[in-house]
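Chemist: would you be able to build a 3D model of this:
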Amino acid sequence: ETKMEVTQLQTAFGLLEAERRRTPVGSPVAQSKDTGVMQVSDAALLLRVEALEAQVDGQVPRSLQVEAQVKELQATIVPLGNRMQALEAELRKWDWDTTAARLNAAEAEITRLGRDNNFAEGVRSDAGA
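Modeler: Numbers count the residues shown, from 1 in each chain. Below you'll find the predicted structure:
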């Protein structure tokens, strides 16, 4: 839409400029044509400014909405970044021996829970019999 308007204005200005060049400089006709060109230019610019103002007015809420979304995302990203840095620091603190020890402890806990579960199942089946 804007490109088409610009093209139309450029065409109109070009035609007016060509007409102005055909008229002798300083003649009353040339002066009136210059005044006409200025009036057309002023009117075209005024219409374009009004159209742009209306377009901007329509886009302000959208811009504010996008700006609020960006701020919200930035507020979300910062804690995630901090959390990731903390996790990376924690991972760097672990060495393979510590990791193996933690895995062994976890496996032992799983085994113990399995035995406790088997014992509970046995008690249930004894109670049901």
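Chemist: do you know how far residue 116 is from residue 125?
Modeler: From residue 116 over to residue 125 the distance is 15 Å, taken as CB to CB, to the nearest Å. Where you see a C-beta, it was placed from the backbone N, CA and C, and this is true even at glycine.
Chemist: which strand or helix spans residue 71?
Modeler: Take DSSP states H and E as the rule and residue 71 turns out to sit in helix 28-93.
Chemist: can you name the next helix or strand after that helix?
Modeler: Once the chain leaves helix 28-93, the next helix or strand it forms, by DSSP H and E, is helix 96-128.
Chemist: state the mean pLDDT of that following helix.
Modeler: The pLDDT scores in helix 96-128 average 77.
Chemist: could you count how many residues lie near residue 16?
Modeler: By the measure other CB atoms under 10 Å, the count of residues near residue 16 is 17.
Chemist: where does it fall, secondary structure wise?
Modeler: Secondary structure assigned from DSSP H and E places residue 16 in helix 2-22.
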